[in-house]
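predicted structure and sequence below. I'll ask about it afterward.
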Amino acid sequence: MKPFSLSVPASSANIGPGFDSLGLAVDLYLTLTVSANNTWGIDQQSEMLPAFNNYKEHFIYQVANQTAALYGKELPACYMTINSAIPLARGLGSSASAIVAGIELANQCCQLGLSSTEKLQLATEREGHPDNVAAALLGGLVVTAYNDDKSIDVCKINQLNIDILVFIPQEELKTDVSRQVLPEVYSRSQAAKAGSIGNVFIAALMNENYELAGKMMEKDIFHEPFRAKLIAKYDAIKRMAKELGAYGTVISGAGPTMLSFFPKGTGAAIKQKLQNTFSSYHIQQREIDFTGVRVETKLV
Ligand SMILES: Nc1ncnc2c1ncn2[C@@H]1O[C@H](COP(=O)(O)OP(=O)(O)OP(=O)(O)O)[C@@H](O)[C@H]1O
Ligand SMILES: N[C@@H](CCO)C(=O)O
């Protein structure tokens, strides 16, 4: 096996009304450098990554091992260096990036020749919904549907002329905890209204009508009203971002990170003003990653 490296972007799911459907890939990365070895070795170079005692406990190894086994293969022993700039349990798709990395690790090590569709299928089954994993795999803004037969339909939007700010707090919020506050059922009128808001949101983005898109972003009724109470400065961030010109501000994924869309070219100056007010948050301007997972075999 030739040495290789792979990188997987972070992602922000939902973007307001697209609960479990929309995902936006952003330029924070999980990276793995992998070479064949006599025994397994995992060297984590980021303090943000979760501790482990034995390689068999490592989440990425487990996903890779399970993927290889599904295709009747055994994962060969590797030495793997892992780095990450994606904060854990903050709503930036860290688990989705780790799952995509595990599947790609098995794909490369065992020469499985998996297609994007197969990778998306495997990753969605592991994550439970396709929004983050589709963005991590494909890049851009993905619009997905997870069908009753477990197949996934996906469209990728590559044209977004906006600046993006993310507000990352110190505190973690696990996705399973943040899903517990959501209703099990919605009435027909709520579901119809929520669906129509999502439809107008995507149509407005396609028309580059960002004012309308921003208005729709902030009208979600699937999850934001129930999760707002889990985020300390939810209302204050939305209000100030709007005053400074944001099209719209939403919870990123299951939270607690928030994400704003701003007119192109305005993000950098506005970021500083917001950072001064919300000093407990780490506010970053991020770019959209339009590529998704990357594999590089020409290592120096
Ligand atoms: N690189 C990684 N290596 C090992 N485990 C990871 C890695 N990244 C994430 N995880 C696991 O995933 C957990 C976080 O997943 P969770 O779904 O709660 O949040 P998230 O994916 O960061 O946010 P969201 O799904 O809202 O975007 C971590 O606590 C850790 O157990
Ligand atoms: N769509 C998911 C994203 C986080 O995994 C949620 O909002 O719970």
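That came through fine. Residues are numbered from 1 along each chain as shown. Ligands and ions are numbered 1, 2, ... in the order given.

for the rest of this, base every contact and every neighbour count on C-alpha atoms.
Will do.

could I get the pLDDT score of residue 299?
On the pLDDT scale, residue 299 is placed at 68.

same question for residue 218.
On pLDDT, residue 218 comes in at 98.

same question for residue 96.
pLDDT, residue 96: 98.

also the one 3 residues further on?
At residue 99, the pLDDT value in this model is 98.

other SSEs contacting the host helix or strand of it?
Assigned by DSSP states H and E, residue 99 falls within helix 94-109. Helices and strands touching helix 94-109, by 3 or more C-alpha pairs under 8 Å, 6 or more residues apart in numbering; DSSP states H and E, are strand 4-14, strand 18-36, helix 59-70, helix 116-127, helix 131-138.

where does the nearest residue to residue 286 once chain neighbours are set aside sit, in terms of helix or strand?
Spatial nearest neighbour of residue 286, chain neighbours left out: residue 164 (5.6 Å); criterion: C-alpha to C-alpha, 6 or more residues apart in numbering. Assigned by DSSP H and E, residue 164 belongs to strand 162-168.

same check, this time on residue 284
strand 282-286.

buried stuff in the helix or strand following that strand?
Beyond strand 282-286 in the direction of the C-terminus, DSSP H and E gives the next helix or strand as strand 294-296. By neighbour count with 16 or more other C-alpha atoms under 10 Å, strand 294-296 contains the buried residues 294, 295.

work out the sheet partners of strand 294-296 and label each with its direction, please.
Neighbouring strands of strand 294-296 in its sheet, by DSSP bridges, are strand 4-14 (antiparallel).

gap between the partner strand and the chain center?
Chain-centre distance of strand 4-14: 7 Å, with C-alpha atoms, centre = their mean, to the nearest Å.

export it to PDB, keeping only CA atoms.
What follows is strand 4-14, C-alpha atoms only, in PDB (Å, rounded to 0.1, in the frame of the first residue of the first chain):
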ATOM      1  CA  PHE A   4      -1.600   8.600   1.300                       C
ATOM      2  CA  SER A   5      -3.200  11.500   3.000                       C
ATOM      3  CA  LEU A   6      -6.800  12.500   3.200                       C
ATOM      4  CA  SER A   7      -8.700  15.600   4.300                       C
ATOM      5  CA  VAL A   8     -12.300  16.000   5.100                       C
ATOM      6  CA  PRO A   9     -14.100  19.400   5.600                       C
ATOM      7  CA  ALA A  10     -16.300  20.400   8.500                       C
ATOM      8  CA  SER A  11     -19.900  21.100   7.700                       C
ATOM      9  CA  SER A  12     -22.900  23.100   9.000                       C
ATOM     10  CA  ALA A  13     -26.200  21.200   8.700                       C
ATOM     11  CA  ASN A  14     -29.800  22.500   8.500                       C
END
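
separation between residue 201 and residue 219?
10 Å (C-alpha to C-alpha, to the nearest Å).

now the common contact residues for these two.
residue 17 (C-alpha atoms under 8 Å, 6 or more residues apart in numbering).

sorry, back to before: the strand holding residue 164: which residues count as buried?
In terms of neighbour count (16+ other C-alpha under 10 Å), strand 162-168 has its buried residues at 162, 163, 164, 165, 166, 167, 168.

Throw the residues you listed into JSON lines and include distance to residue 129, thanks.
Converted to JSON lines, the buried residues of strand 162-168 look like this (distance: C-alpha to C-alpha, whole Å):
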{"residue": "162", "distance to residue 129": "26"}
{"residue": "163", "distance to residue 129": "26"}
{"residue": "164", "distance to residue 129": "24"}
{"residue": "165", "distance to residue 129": "24"}
{"residue": "166", "distance to residue 129": "22"}
{"residue": "167", "distance to residue 129": "24"}
{"residue": "168", "distance to residue 129": "23"}
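
cheers, nothing more for now.
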